[in-house]
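S.K.: turn this into a structure:
(2 chains)
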Amino acid sequence: MIVTKNLKKAFGNHMVLNGIDETIQKGEKVVVIGPSGSGKSTFLRCLNLLEVPTEGEIWFDDQLITDSKTDINMVRRKMGMVFQQFNLFPHLTVKENITLAPVKLGIMNKEKANQKAMDLLNRIGLTDKANAYPNQLSGGQKQRIAIIRALAMNPEVMLFDEPTSALDPEMVGEVLDLMTQLAEEGMTMVVVTHEMRFAKKVATRVLFMDEGRIVEQNSPDEFFEHPKHPRLQEFLSKIL
Amino acid sequence: MDNIMKALLRVWEIISDWAVDIYMSFYNALIPDQMYLAYIDGLVVTILISLMAIILGIAIGILVAVLKVTSINYKLRWLNRICNIYINVIRGTPLMVQLLIIYNLIFTSRNTNEIVVGAVCFGINSGAYVAEIIRAGIESIDKGQMEAGRSLGLNYITTMRMIILPQAVKNILPALGNEFITLIKETSVAGAIAVTDLTKAAQYVGSRTWDILPPLIITAVCYLIMVMGLSKLLSIFERRLARGDRH
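M.R.: Numbers count the residues shown, from 1 in each chain, chains lettered A, B, ... in the order given. Below is the predicted model of the structure:
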C-alpha cells in the first residue's frame, strides 16, 4: 500500500533520514519506535508529504506521490493524520471541526457530514460536546476528536505522530483504547509512539529507527523478547 | 454691599456676553444659508472615502500578506521582494505626497472623480500597513493548524481562508482597528486634491463667516463621533470572535 524507496531527508546539512526502503501492506499496524532525533516523526511526516523528501520515492496505492505532477491533496484525503498537539481548529465547534473538510471538498453534503459527525461522536461517547469549542475539552477528548476528524474522511490509512505524548497520564488510556478499536476493525495504521505496551498489544510489526535508518524490525514478540541489534538492546534496557 | 452687587452684576454681564458670542458664532457657522448642509455633504464624502479605502486596504492587505507568507514558505524570493518594495515605498513616503502624485498621474490624463482617486490612494496606502498587520497575525498562528488542514486534503488557499485567516483576524483586530481609525483621520488631507471632505467643508464655511474656529470645532466633534462609533463596533466584533476562547 505504501512503499518508500531510498527515502532521504536533510534539514540543511543535517541528514535526518538516511535512505529508508520500507513497504507497508494493507491492514498492517506498523509501530515505529526509536530515540528522539532518530527521524521517526520525519519518516511519518514524509509519508503524506508534510515534509518533502530530499531524495527517493514514495508510492501510495501504486501512485508515485513524490512526483510533482501528482495532486497531493487527493492523496492526503486517503491518509488520515493525528498529531501530538491535536491541532483541532480552535475557532470552530467540535462538529464543524469534523465536517469542514468533507463538506469543503465536496465529498459529502452538509447534512450527511453532520450525520457522520454525530455517528462518530456517538462512537466515542462525546455527542454532548458537538457544539463545544476545543478549548472547553480535556486533552484526551481533544485527541479522540482529532482521530475521528481524520476518520470522517474515510481514509485508507491512518498516521499517528506520537498521539499520546502531550497527554496527562490518566488520559492516555482512552486514546489508546480508541486506536486499539480502530486496529481491530482492520484499519491500516502507522504509529510513532513511546507506548511500548500498545506496540506489543496492537502492532503487527515494530520498526526501530536510529540515526535516520531502520535498524531492526520484527514481529512484536520477537522484537521485544529477542532484540538483535545492540543499539535496540540498549534502548529497550533503558525504557523497559 | 452695593459695590459687591455691582461687581457681581458686571461679572455676570461679561459671562453672558461671552456665552452669547460663542452661541452666535456657532449659530453663524451652522444655520444661515443652510450652512449645515456643507458639513453633511463633507461628512458623506469623508465616510465614502474612508469606507472605500478600508475595503480596498483590507483587500490589498490580505493579498500582500498571503503572498508574502506564501513566498517565504515556497521560497519564491522575487515575489517576496515585490511585496517588500510596495510596503517600503508606501510606508517610507508621506501620505500627502502619495496623494498628490497619484492625483496628478491620473488627473492629467482625463477628467476623473476626485473622490475615487482619493479613496484609491488612501486604500493603497492603508494596504501596506494592513498587510504587515495581517502577516504578523498569520505568523502568530501555530504551524500545526496549517498542517492539520493540509493533512485533511484541503489545499493551501482553502486552509488559509477557512482555518488560518479567521484565527489571525481575531488576534489582529485591535491593531487593525487602530489602522482604520488612523485612516479615517488621515482622509482629512484629501482637500489637497480638491475633494470637499469634512475638513475642507469646515474651511469653506470659515472663509464665508470670517470665523474659522467654530467650524473646525464642529468638524473635530464629527471625527470624534465617527471614531468612537468605529471603536464601539470593533469591540462588539472582538467580543463575538472571542467565543471560542471561553473555557
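S.K.: for chain A, which segments count as helices?
M.R.: Assigned by DSSP state H, the helices in chain A fall at A:40-47, A:72-77, A:94-104, A:110-123, A:139-151, A:169-184, A:196-202, A:220-225, A:230-239.
S.K.: closest one to residue B:102 among the ones you listed?
M.R.: Smallest distance to residue B:102 across the helices of chain A (CB to CB): 39.3 Å, for helix A:94-104. All C-beta spots, glycine's among them, are computed from the backbone N, C-alpha and C.
S.K.: list the contacts of that closest one.
M.R.: Residues outside helix A:94-104 that contact it (CB atoms under 8 Å, 6 or more residues apart in numbering or on different chains): A:88-89, A:92, A:107-110, A:113-114, A:116-118, A:120-121, A:126, A:129-134, A:137, A:145, A:148-149, A:152-153, B:149, B:152-154, B:158, B:162-163.
S.K.: report the rounded mean pLDDT for it.
M.R.: Helix A:94-104 comes out with an average pLDDT of 95.
S.K.: before we move on, what about stretch A:180-198?
M.R.: Per-residue pLDDT over stretch A:180-198 has a mean of 93.
S.K.: go on, stretch A:161-172?
M.R.: Stretch A:161-172 shows a mean pLDDT of 93.
S.K.: contacts for that stretch, please.
M.R.: Contacts for stretch A:161-172 (CB under 8 Å, 6+ apart): A:41, A:44-45, A:81-86, A:138-140, A:143, A:147, A:175-176, A:179, A:191-195.
S.K.: need the distance between the two termini of it.
M.R.: Start-to-end span of stretch A:161-172 (CA to CA, to the nearest Å) is 14 Å.
S.K.: show me which positions of it end up buried.
M.R.: Neighbour-count burial for stretch A:161-172, counted by 16 or more other CB atoms under 10 Å in any protein chain shown, picks out A:161, A:162, A:163, A:164, A:167, A:171, A:172.
S.K.: how about stretch B:45-56?
M.R.: Neighbour counts over stretch B:45-56 (16+ other CB under 10 Å) mark B:45, B:46, B:47, B:48, B:49, B:50, B:52, B:53, B:54, B:56 as buried.
S.K.: then stretch A:108-123?
M.R.: Residues of stretch A:108-123 classed as buried: A:108, A:113, A:114, A:116, A:117, A:120, A:121 (neighbour count, 16+ other CB under 10 Å).
S.K.: the fifth one and residue A:131 touch, don't they?
M.R.: No. Because the distance of 11.0 Å does not satisfy CB atoms under 8 Å, residue A:117 is recorded as not touching residue A:131.
S.K.: helix, strand or coil for residue B:96?
M.R.: Three-state assignment for residue B:96 (DSSP: H, G, I helix; E, B strand; the rest coil): helix.
S.K.: which residues touch it?
M.R.: Per CB under 8 Å, 6+ apart, neighbours of residue B:96: B:189, B:192.
S.K.: separation between it and chain A?
M.R.: 40 Å (CB to the nearest CB, to the nearest Å).
S.K.: from residue A:24, how far out is that residue?
M.R.: Counting by CB to CB, to the nearest Å, the separation of residue B:96 from residue A:24 is 65 Å.
S.K.: quick one: contacts for residue 87?
M.R.: By default, I'm working from chain A. By CB under 8 Å, 6+ apart, residue A:87 lies in contact with A:146, B:142, B:144, B:145, B:147, B:148.
S.K.: switch to chain B, please.
M.R.: The neighbours of residue B:87, taking CB under 8 Å, 6+ apart as the test, are B:64, B:128, B:131, B:132.
S.K.: on that earlier part again, the buried residues of stretch B:45-56 also near chain A: which ones?
M.R.: With CB under 8 Å from any CB of the partner chain as the criterion, the buried residues of stretch B:45-56 include none near chain A.
S.K.: for chain A, state which of those residues is nearest.
M.R.: residue B:54 (23.0 Å; CB to the nearest CB).
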